[in-house]
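Trainee: need a structure here:
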Amino acid sequence: MWFGVLGPVEVRSATGSPLPVGGPRLRALLAMLLLDAGQVITRDRLVAGLWGAKPPADATNALQSQVSRLRRALPDHGEVRVQAHPAGYRLAVAAEDVDVHRFATLADAGRQALAAGDHPLAAAHLGAALRLWRGPALADIATAPFAAAQVTRLTEQRLTVVEDWAEAELHLGDPDHLLTALRDEVAAHPLRERLYVLLIRALHAVGRRAEALTVFEEVRRLLADELGTDPSADLRAVHLAVLRSDDGPTPGHPDRAGPPPAAPEVVAARLTRPPAPLTSFVGRVEELTRTSHLLDGTRLVTVVGPGGAGKTRFAVEVARRRGAGVCFVDLSLVTDGTQVPQAILRALGLRDITRLKALGAAGDPVDRLVAALSDQPVLLLMDNCEHVLTPTARVVRRLLADCPDLRVLATSRAALGITGEVRCPLPPLALPPPDADARTALDYPTVRLFHERATAVRPDFTVGPDTVDVVRRICTALDGLPLAIELAAVRLRALPVQAVADRLDDRFRLLSRGDPTAAPRHRTLRAVVGWSWELLSPDERALARRLTVFVGGATGAAAVQVCDPDGADVSDLLTDLVDRSIVEWTGSRYRMLESIREYGAEQLVEAGERERLCRAHAEYFLDLARTADPELRGPAQLSWADRLSAEHANLHAALAWAVSADPHLALRLVAALAWYWNLRGIRGEVAPAVTELLDRIGPEPPAELTEEYLVCAMLDLATGKPGRYDQNRLAAIEAMATALGRPVRQPFLVVTLVQATGPPAHDLTARLRLLGSDRWFKGLIHLGWGYLRLFDGDLAGAEPGLHEALVSFRASGDRWGVSQALDGLSTLADLRGDPHTALALSAEAIDLVTQLAALEEVAELRCRRAERLIRAGRLAEAQAEYAAAAELARRIGLHGILVLTRYGQGELARLAGDLATARHRYESALADCPADWPNSEVRSRLLTGLGRLAEADGAVPEACSRHQAALAAALTSGFPQCVAAAADGLAGAVLLDGDAGGAARLLGMATAVRGGHVPGYPDRGRTVAGIRSRLGDQAYAEAHASGTGLTRVEQLALLRTLADAD
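Mentor: Residues are numbered from 1 along each chain as shown. Predicted structure coming up:
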C-alpha cells in the first residue's frame, strides 16, 4: 500500500488504485499517524491535534471511535495496521510506503550527493523527492488543529530541496529548463534570497545577463521596502560575478567564464521530463502492465485511442513508472511536419544550433539527433503525433534504425504505421453494470474518476445510494471517456449531479469549460472531437458524418448500403476511420463513441444529408426485418434473433424516424418486427412508438396495409397498459382480420388474437382461413385444436393435437412452437396427476425459450412450473421459481407477471400458515391487477386466495363474497381450469356456511369442468374431508354426481347464477 500527505491525504492499494478513507477528521487522524509512522503518538496529542482547544466531553472514547473507523477504512493488510499502546496509538507501516518519509530519504541522499560533488546523482534524488509532491501538504485537511505547524515545516523542507535540486541542475549544464520552476518559486516566496541567487545564476548561465541584473535590482528593492535590509552576501556575490563576466559563464560554474565543454557533452544533454501530474491516476491497471511489458520487449509502442481517452496521461504514467531516462516530446504545438526534429532537439536540450555546429555536430537536425542518441538508453515519449503523423513516422524510423538503445512510446489518434510498431489501443474506461450498488460502482474507474474529480470541486459530494444511478448514467452517456467525465464532474461546482445528467442531451454546451491552461483542443469536449474531425480527408468526413445515422454501430454491409459515399471504397475508408480512432471495430461491427457520433450528426445536418440518410437507414432495416421474419420460425432462428438483437438500437431509431416522417413505412417495419419483439418479450419497449403511429394514422387502415395496421393495433393492445385494452376495439380488429379472407403474412396477428380473445365461441373455421399451409402453420393449427380441447376439459381429445403440434414444430425447427406444445402437454400431464412428467416437460420448455432469450415466455413458464411444484408438494422449489420469474419481470417491466408472482408467493405463505403475509401479498397484487379480460384469470386466483383466508378466519360472509367474485372473474376468462378452481373455492365457503350438499355438488361441477379429478389440490382435499364428515361417503357421492351429471351448458349457467347470487 502507499500513503500520501504531500498533497491531499491519499491511500492507494498495491495496484495503485485510490482507496476511500472517510471524512476530514478521519483523514486528519491518519495524517498524524503517517507523519510519525511507526512511532507511538500519545492520546493527548492526538486529541489536541484533532479537536484543538474544544475536545469532546469524553475525548478518550471519541478518539477510540475514530481509530476504530480508521481500522475499518484501511484494507485488511498484514503489514499496515493501527496498533494500540498503553500511551497511545501507532501506525505500523513501512517508511518507504509513506511519501513524506520517502521524501526525507531522497532529500538526504540528494544533499549527500551534492556535498560529494556527484551532481547527476544529486539531481536524480532531489528531483524524485520533489515529484512526490501532489500539491500543498495536507491540502484537504489544512484547517485541522495540528496541520498549520506541519504544513509550515514541510513547506520549508520542500523549498530547501527545490534549492538544492536547482543547485545540482546548474552544475549539470543547460539550465534553461530551470527558469520556469525558479520563477514560479520566487513568485510564491518573494523574500527567500537563495531562490533569487539560483535564478540569477540560471539566467546568467543561458546568456541572459541583462535579465539577471534586472532580477537582482528587483530583489534589492523588495528587501529594502519590505524588511529594510540589504541583500545577503550570497546575493551580492552572484551580482558581482555577473557584472565582472564578459564571455559568459560555463553552465557548471556560473561564477567563472571559460571555453565550452567538449563534444561528448552533447550526448549527455539534459532531457525534458514528462509533466508532473496534477491529479491522481485512475484505473488502467491492466493496460499499464501490458504497455510496460511491451516496452521491455519492443522498441516502438504507440498508444492509440480517440480524443479524450487519456492517452497523454496514460503514457506519462507509463514513463513515470519506468524511472529515469525518459524524454518528453510535446508535438501538440508543432504546426508543420518539418518542425518535428526541432521539437525533439528542444526536448533533448539541444536547442542551440550554433553551439552544436561549433562542437562539430552535423547540420541536418535528424543527423544531430542520431549523433546525440546513438548510444543513449533513452525512452522518447512522443506525445500527440496524429496531426504530423507521416513526418513523425519518418523521423522515428530513422532514429530507431540508427540508435539501437533508443525506445519510443508514442501517443496518437492513429498509429505511425512503421514496421515493428506495436499498437496499444486505449479503450474507454470500464463502466459498472446497471445493477451495481454504490460500493461496487466505485470499484470501476469511470465512477471512481467522477467521484475524485467531483469531490475536488465539491468536497461534500459522495457516490451513494441516492447518486450512484445518476453517476453511472453520466459515465455511460459519456462513453467512459476520461476527459468527458472530468469535464462533467467539474460542473458539480455549480450544478446538482442530476442537473448534469439531464443536460447531457446538449453535451457540447455542458462540457464547454475545461482547464484554461490546457492546449486549446483539450479544453472542451467539442474542441477534442473537432480536432480529430479536421484531420480527416473529405471522403473520410463524408463517410463519418453519414455513419452517425446508425445507433449502436453498423456492420460493414449496412455501412456500404446506407452511406453510399459517392463511389469511394467504403471498406478502405472504414479502415482509415478505425485507424484514426473515429470509429471502433469490435470484430463484427463498426461503432462510434457517442460524443463523436453527436458531433458528426451536426455535420450531417449542415451537409443537408440527414433526411436522405435516415430514409436509407430505415429502408435498409425494413429489408433486414422482412428477410429475418420467416427465419425466426425455422432452424436458424437463434442466429437471426441474435442478428436482430445486435441491431436493436438501429431498429428503434429507424422506427422512431419513420413514425414521424413516413407512417406507412413505419407500419411495414412494425409488421416485419412484431414476431421478433414477441419472441424476445420486448413489446413494451416499442409501445410508445406504436401508439403514436396509430394516432397518426387514425382509425382506418391505409389502402394495401390492412394487415400491417392490424398487427400494429394488436401490439398496442398486447402491451397491457391501462386504458389500451378495449373489448369493442378488439372485436373490430378481429372482424377486419376475418374480412381479409386469406392467409396472413404475419402469424403474430393470429397468435395474439387467440391470446387476446381466448377460446372462440364458435368453431375455428374463420380463424383457420387466416393461416397458411406450410409445416409451421400446420403446427399452429394442431396447437390450436389441442388447446381448444384442453379448455373444454377433453383431456383425451387434447393429446393428439398437442403431439402433432410438437412433431410439426420440431420438424420446422421452431423452439418457440415446440415450447408451446410442451407446455400444453405439461398441463395435460398435471391434470392427469403425473407431476413427474409435467415438471420434466415444463423444464424442457423453459430451456427452449431461454435459448431464444424470450424473457417474457421464460417468466410466464416459470410461474406455471411453480404452480405444478406446489401441487407436487415441493414448496421450496416453487418459491425459487417464483423469485426467478419476479426478477425477470422486474428487469423487463412485465407488470402482469409481477402480479402473478405475488399471487404465488401469497399461496406459499398461506400454505405455510403465514396468513398475514399471504393477505398482504394477495391484496397488493389485487390492487395492481386491472379488472379486464386479459387479467381475469389471475384476478380470480387472487380473490380465491382471499376467500380461503376468510374461511380460515371463520368469516363466512366475506368468504362467500370473495369466492363469488372469483367465480365471476373466472367465468369472464372462459378458461375451464380457472372456472374449476374458483368453483372449488366457493365449495369451501358453502360448506363453512352449513350447506355440505351444495358444496359437494359444486365440487362435482368443478371436476366435470376440469375434465376429471386432479390430485394435489390440498384445499379441495380439506373441503372433501369436511363434506364426508357431515354427509358420509354415500351421500357425498350422490351430491357430487348431481354436479358432474349436468351438461356443460347447465353447469356454466348454474355457476353463473351462484356467482351473481346475493
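
Trainee: look up how far residue 970 lies from the residue nearest to the spatial centre of the chain.
Mentor: Nearest to the mean C-alpha position of the chain, counting by CA atoms, centre = their mean, stands residue 431 at 3.5 Å. As for residue 431, its distance to residue 970 is 48 Å (criterion: CB to CB, to the nearest Å). For every residue, glycine as well, the C-beta is placed using N, CA and C.

Trainee: before we move on, what about residue 944?
Mentor: Taking CB to CB, one finds residue 944 at 8 Å from residue 970.

Trainee: got any residues that touch both of those two?
Mentor: 981, 982 (CB atoms under 8 Å, 6 or more residues apart in numbering).

Trainee: in what helix or strand does the closest residue to residue 476 other than its chain neighbours lie?
Mentor: Nearest residue to residue 476, sequence neighbours excluded (CB to CB, 6 or more residues apart in numbering): residue 431, at 5.5 Å. Following DSSP states H and E, there is no helix or strand that holds residue 431.

Trainee: and residue 431, backbone torsions?
Mentor: phi -100, psi 150 (degrees, to the nearest 10).

Trainee: hang on, isn't it packed against residue 441?
Mentor: No: with contact defined as CB atoms under 8 Å, residue 431 does not count as touching residue 441 (9.2 Å).

Trainee: shared neighbours, these two?
Mentor: residue 472.

Trainee: so where is the stretch 451-600 of the chain shaky, pLDDT-wise?
Mentor: 504-526, 528, 531, 565-568 (pLDDT under 70).

Trainee: ranges for the strands of the chain?
Mentor: 2-4, 10-12, 41-42, 81-85, 88-92, 249-250, 253-257, 300-304, 326-330, 379-383, 407-412, 422-425, 584-585, 590-591 (DSSP state E).

Trainee: need the ones you listed in JSON lines (columns: distance to residue 921 and mean neighbour count).
Mentor: Output for the strands of the chain, formatted as JSON lines (distance: least, CB to CB, whole Å; neighbours: other CB atoms under 10 Å):
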{"stretch": "strand 2-4", "distance to residue 921": "52", "mean neighbour count": "22"}
{"stretch": "strand 10-12", "distance to residue 921": "47", "mean neighbour count": "18"}
{"stretch": "strand 41-42", "distance to residue 921": "57", "mean neighbour count": "16"}
{"stretch": "strand 81-85", "distance to residue 921": "48", "mean neighbour count": "14"}
{"stretch": "strand 88-92", "distance to residue 921": "53", "mean neighbour count": "19"}
{"stretch": "strand 249-250", "distance to residue 921": "90", "mean neighbour count": "19"}
{"stretch": "strand 253-257", "distance to residue 921": "87", "mean neighbour count": "16"}
{"stretch": "strand 300-304", "distance to residue 921": "56", "mean neighbour count": "25"}
{"stretch": "strand 326-330", "distance to residue 921": "66", "mean neighbour count": "21"}
{"stretch": "strand 379-383", "distance to residue 921": "63", "mean neighbour count": "25"}
{"stretch": "strand 407-412", "distance to residue 921": "59", "mean neighbour count": "26"}
{"stretch": "strand 422-425", "distance to residue 921": "52", "mean neighbour count": "18"}
{"stretch": "strand 584-585", "distance to residue 921": "48", "mean neighbour count": "18"}
{"stretch": "strand 590-591", "distance to residue 921": "45", "mean neighbour count": "18"}
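
Trainee: tell me the pLDDT of residue 675.
Mentor: Looking at residue 675, its pLDDT reads 89.

Trainee: roughly how far does it sit from residue 692?
Mentor: Residue 675 is 21 Å from residue 692, by CB to CB.

Trainee: thought residue 331 was touching residue 343?
Mentor: Yes: with contacts counted by CB under 8 Å, residue 331 reaches residue 343, the gap being 5.9 Å.

Trainee: between the two, who's got more neighbours?
Mentor: Legend: neighbour count by other CB atoms under 10 Å for residue 331 and residue 343, higher for residue 331 (25 against 20).

Trainee: find the nearest non-adjacent residue to the more buried one, please.
Mentor: residue 384 is the one closest to residue 331 (CB to CB, 6+ apart), at 4.8 Å.

Trainee: backbone dihedrals for the one you found, please?
Mentor: phi 60, psi 60.

Trainee: neighbours of it, how many?
Mentor: Using other CB under 10 Å: residue 384 sits among 23 other residues.

Trainee: list the contacts of it.
Mentor: 312, 330, 331, 332, 411, 412.

Trainee: cool, and residue 545?
Mentor: 600, 601, 603, 604, 607, 609.

Trainee: what about the third one, distance to residue 534?
Mentor: Which is residue 603. 11 Å.

Trainee: of the two, who's got more company?
Mentor: A count of neighbours by other CB under 10 Å puts residue 603 above the other of residue 603 and residue 534, at 17 against 10.

Trainee: quick check: the more buried one touching residue 530?
Mentor: No: using CB under 8 Å, residue 603 makes no contact with residue 530, being 10.0 Å away.

Trainee: so where is the stretch 751-900 of the chain shaky, pLDDT-wise?
Mentor: 754-773.

Trainee: hey, where'd the helices end up in it?
Mentor: Using DSSP state H, counting those that start in this stretch, the helices found in the stretch 751-900 of the chain span residues 765-768, 775-791, 795-812, 815-831, 835-851, 855-871, 875-892, 895-911.
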